[in-house]
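> Below is the sequence, then the predicted model.
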There are 2 protein chains.
Amino acid sequence: MSEKMVPVLIAGKWRESKSVGSFQADNPSLGEPLPEKYPISSREEMQEAVQASSEAAMVLRTMSGEKIAEFLEAFASGIEQRSSEFVEMAHAETGLAKAPRLKDVELPRTTDQLRQAAAAARQGSWRRPIRDEAKKLYSFFAPIGPVVVMGPNNFPYAFNSAAGGDFAAAIAAHNPVIAKANTAHPGTTKLFAEVALEALKKTGLPPATVQLIYRVPSEIGFELVSHPLLGATGFTGSKNAGLKLKDAADRAGKPIYLEMSSVNPVVVLDGALRERGDAIAGEFFASCTLGAGQFCTNPGFVVVPDTEAGKKFVHAATQQFAAGTPGVLLGKSGREALTAAVGILQKNGAKVLCGGKAMPGPAYRFANTLLQVSGEEFLKHPHELQTEAFGPVSLLVMSRDTQQTVAILSHLEGNLTGTIYSDTSGKDDAEYNAIEPHLRYRVGRLLNDKMPTGVAVSPAMNHGGPYPATGHPGFTAVGIPTSIQRFVALHSYDNVRPERLPEALRS
Amino acid sequence: MSEKMVPVLIAGKWRESKSVGSFQADNPSLGEPLPEKYPISSREEMQEAVQASSEAAMVLRTMSGEKIAEFLEAFASGIEQRSSEFVEMAHAETGLAKAPRLKDVELPRTTDQLRQAAAAARQGSWRRPIRDEAKKLYSFFAPIGPVVVMGPNNFPYAFNSAAGGDFAAAIAAHNPVIAKANTAHPGTTKLFAEVALEALKKTGLPPATVQLIYRVPSEIGFELVSHPLLGATGFTGSKNAGLKLKDAADRAGKPIYLEMSSVNPVVVLDGALRERGDAIAGEFFASCTLGAGQFCTNPGFVVVPDTEAGKKFVHAATQQFAAGTPGVLLGKSGREALTAAVGILQKNGAKVLCGGKAMPGPAYRFANTLLQVSGEEFLKHPHELQTEAFGPVSLLVMSRDTQQTVAILSHLEGNLTGTIYSDTSGKDDAEYNAIEPHLRYRVGRLLNDKMPTGVAVSPAMNHGGPYPATGHPGFTAVGIPTSIQRFVALHSYDNVRPERLPEALRS
């Protein structure tokens, strides 16, 4: 074990942390800690980061979109040049497969996202300028100021604090980022920050545009997201942590965008099951166990008709879940959280059809798990039976009829996605029309005939939804340029002399 | 005094309230209560309103923008037909002049705003549809759901809960509105709701699209803004009330848009004063005393150079403030709040140059008041010396030099507006450039050479700003279609069959 702690990146310099403690990440495949010691930053260090970020923000505001784009592109290229280091490091820290997942899917997605953000920064459509020449009144969106990004454990690249979607969106709108690493993959995050600093120097942006700390005591985290000099925070992670940060930020009037929890309801209608029940069971199994089930859009809640076709679907799905080899979880705490969540579901009337337990062995694994509950029973404990089990686990709710399905959907809390499978020849259309309005307003993205785990980086994507999936139903965390709109402030210019207007507002 | 209480409008019916008490509004010109007794609604009544609104929302979502526009236009015409009733009622309840203020300025502004909202609903640009045909992914903005509007006391028409800017924006996005009247003008609000109900019936919208209650106990108000079936809240009023509502809404993850407080800093540079100091003093006096000083964008904080020209400006302004006849305030509580606010400013080192006291007599008046403090003194108590005095009151902060002005501006909290007056031949340009960045990011609207009290209804207006002026710097309360974006949810459709897509998303 190394004696020295890994340095932090503050105000453009890699330096020894003013730390109040240290932590180590785990190798989840081996179930043991990795050697590096990472610092837990002090209040003083947090304040230094915010001050440096605030100064960088003053400079970034005045730079052209072209300069911002050059940085994002240099950053993307720099990542590609060190891709094998990224794959080794993230595999060690997360247990996710090197290929195809890390190397061929998530890393290209991340650099593509940075390049899309570069194009958006260059084009500047996020500014949405409006000119009212008659009234000498002009408006556009301006950067919101320093942005704190706290990324999740499940996407070490695509949602990384120092390279992922929130990062790219914040930078595209000319904001500096203070990255707070996810403590499950601090080494991967450090690699990103190293490449970012080189790209900043190469392209002439303020070096404090990207800073990195790894962890702070929770009270310092609350001070960080509510700091007077802060613009906003982007958080992806657990509802428990998210709600505490939200409370602190809200009290200070600081915008915070959170992606917290979602069970992603799927409704399979009887006609669809009669038409292609086995195929749907296969899609369901594949989607629910992808990445060991640790996708924000994992189908964790399935409404199944209590019919012959429905029972056949449950049987087919159970066989697949029971036969599949469970993947390695991202960490020990995830395994503990799964045990707790499955316990809550059982306590509230759900029966385990298969799995239900943590797996033995040094690697962190949880058995592929299906639970089942009747519609009647669900309606007695609708809140508890929406407990998110973040892993290869799903709850099947057996519905008696359309009316009961509507009642079930009406009790749903806000979710990222909602899916309806229906017969392709139209046999389910009446039922579809009856239930769709009750699902539509409780989710950000509505799907047909397709599991929700694929989240395309498209301007038409909504990776967001009503509370508690996120903190505000009007914004998406994925999709450029739309996700950029979270990190802007509206600025109006009234009777300001023409030569003093920002260039984007001049006629 | 009438025995019966004025009815509430719930689910399309004027009915006796399920009340827990009653209140009366005051006639501020006479300093005595008006005869009508208005109910304070119970929890049961609040819940009935939310339930009816939720059902109306399901219908409004499916209606065309054309239908929404027809309602808004019929409503505007209906208001015009009863304009003399509106003028009499609002004058009695607010003391504002019948003409030009109520009849010729505010009522036409309000009907114009409703017609602009109608045009936006018809055109539908607020939906911002995005089609990604290759990925079969489509997104647009949808209505957010039932909207509670709580209007302020100072604009009985233009910001009225049942007809003003928030109302128009919410309805334009196909949302029903629960209007909670401002208790200073419940009669005016009832007139609007009467006309609205007739227009709803005439144009075939759900009768529960507009509902009216007058007042609720504060705990019921907190339940209202955090109700699971609610979409969002629009609030304009005091910071004290706003922050409590914000806290309740935030905890429930329900968007709340607030306009709360602003001292609207004005910086007058030395060159401008040497060039046209007397004229600027006149503009300042007129703007600060307009509507008895009760404008959200009232210039309540002026940074003046401590120079010969600055002293001359202070002298000229003081003469005008002292000579002017103070207008009638909107209510007794406003007079009390002014006394308290001026006391806080004095306690923290500000000296009264003129006024400083409530006026005798039955009408509610407060003397036109100027206070003065040095830059040094301000920097010792920057928070307290930004206390808003909502009336004909302003604090002059004497600045030693550019550096001190930057220091003063760097201590400003979020404001709706910020203004800089500078010499027209360019003598102040270096100082302008030095101070502008420090003002720009602390205000929603930046002005040159013009007082901030005029708030044009323009798409380029920003009547918003950083906290605590509002709760989020990305939104405006005035300006169509921009203000509509507060009351929308982002909806994405993924692989949804073409015939099931909303019309606005079909190719």
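Thanks, I have the structure now.
> Show me how the record splits chain A into domains.
Following automatic domain parsing, chain A resolves into domains at A:9-23+A:34-260+A:470-505, A:265-448.
> so where do the strands sit in the stretch 151-300 of chain A?
A:177-180, A:210-213, A:232-236, A:256-259, A:265-268 (DSSP state E, counting those that start in this stretch).
> need the ones you listed in JSON lines with mean neighbour count, mean pLDDT and distance to chain B, can you?
C-beta coordinates here come from the backbone N, C-alpha and C atoms, glycine included. Shown next, in JSON lines, are those (neighbours: other Cβ atoms under 10 Å in any protein chain shown; pLDDT from 0 to 100; distance: least, Cβ to the nearest Cβ, whole Å):
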{"stretch": "strand A:177-180", "mean neighbour count": "28", "mean pLDDT": "98", "distance to chain B": "17"}
{"stretch": "strand A:210-213", "mean neighbour count": "29", "mean pLDDT": "98", "distance to chain B": "20"}
{"stretch": "strand A:232-236", "mean neighbour count": "27", "mean pLDDT": "98", "distance to chain B": "9"}
{"stretch": "strand A:256-259", "mean neighbour count": "26", "mean pLDDT": "98", "distance to chain B": "9"}
{"stretch": "strand A:265-268", "mean neighbour count": "27", "mean pLDDT": "98", "distance to chain B": "13"}
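> Show me which residues of the stretch 1-150 of chain A sit near chain B.
A:58, A:61, A:130-132, A:135, A:137-139, A:141-142, A:144-145 (Cβ under 8 Å from any Cβ of the partner chain).
> Show the buried residues in those residues.
With burial judged by 16 or more other Cβ atoms under 10 Å in any protein chain shown, the buried subset of those is A:61, A:130-132, A:135, A:137-139, A:141-142, A:144-145.
> In stretch A:85-93, which residues are buried?
Buried residues in stretch A:85-93, counted by 16+ other Cβ under 10 Å: A:86-87, A:89-93.
> out of the residues you listed, which one sits closest to B:V210?
Set against B:V210, the nearest of the buried residues of stretch A:85-93 by Cβ to Cβ is A:A90 (54.8 Å).
> correct me, but the closest one touches A:T188?
Yes. The pair A:A90 and A:T188 qualifies as a contact (Cβ atoms under 8 Å) at a distance of 4.6 Å.
> Only the C-alpha atoms, please, for whichever strand or helix holds A:A340, written as CSV.
Assigned by DSSP states H and E, A:A340 falls within helix A:332-347. C-alpha atoms of helix A:332-347 as CSV (Å, rounded to 0.1, in the frame of the first residue of the first chain):
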residue,chain,number,x,y,z
LYS,A,332,-20.3,-4.2,-1.6
SER,A,333,-22.7,-1.5,-0.6
GLY,A,334,-24.8,-2.3,-3.7
ARG,A,335,-25.0,-5.9,-2.6
GLU,A,336,-26.2,-4.8,0.9
ALA,A,337,-28.7,-2.4,-0.6
LEU,A,338,-30.2,-5.2,-2.7
THR,A,339,-30.6,-7.4,0.2
ALA,A,340,-32.4,-4.7,2.1
ALA,A,341,-34.6,-3.7,-0.9
VAL,A,342,-35.7,-7.3,-1.6
GLY,A,343,-36.4,-7.6,2.1
ILE,A,344,-38.8,-4.6,2.0
LEU,A,345,-40.6,-6.0,-1.0
GLN,A,346,-41.0,-9.4,0.7
LYS,A,347,-42.2,-7.8,3.9
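> Residue of the stretch 401-507 of chain A closest to chain B, please.
A:Y467 (2.6 Å; Cβ to the nearest Cβ).
> Give me the pLDDT for that residue.
At A:Y467, the predicted lDDT confidence score is 98.
> do the same with the one 4 residues further on
The per-residue pLDDT reported for A:G471 equals 96.
> likewise A:K4?
88.
> quick revisit: and for A:A90 and A:T188, which residues touch both?
Taking Cβ atoms under 8 Å, 6 or more residues apart in numbering or on different chains as the criterion, A:A90 and A:T188 both touch A:156-157.
> quick revisit: take the buried ones among the residues of the stretch 1-150 of chain A next to chain B and lay them out in JSON lines including pLDDT and secondary structure.
Below are those laid out as JSON lines (pLDDT from 0 to 100; DSSP: H, G, I helix; E, B strand; the rest coil):
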{"residue": "A:R61", "pLDDT": "96", "secondary structure": "coil"}
{"residue": "A:I130", "pLDDT": "97", "secondary structure": "strand"}
{"residue": "A:R131", "pLDDT": "97", "secondary structure": "strand"}
{"residue": "A:D132", "pLDDT": "97", "secondary structure": "strand"}
{"residue": "A:K135", "pLDDT": "97", "secondary structure": "coil"}
{"residue": "A:L137", "pLDDT": "98", "secondary structure": "strand"}
{"residue": "A:Y138", "pLDDT": "98", "secondary structure": "strand"}
{"residue": "A:S139", "pLDDT": "98", "secondary structure": "strand"}
{"residue": "A:F141", "pLDDT": "98", "secondary structure": "strand"}
{"residue": "A:A142", "pLDDT": "98", "secondary structure": "strand"}
{"residue": "A:I144", "pLDDT": "98", "secondary structure": "coil"}
{"residue": "A:G145", "pLDDT": "98", "secondary structure": "coil"}
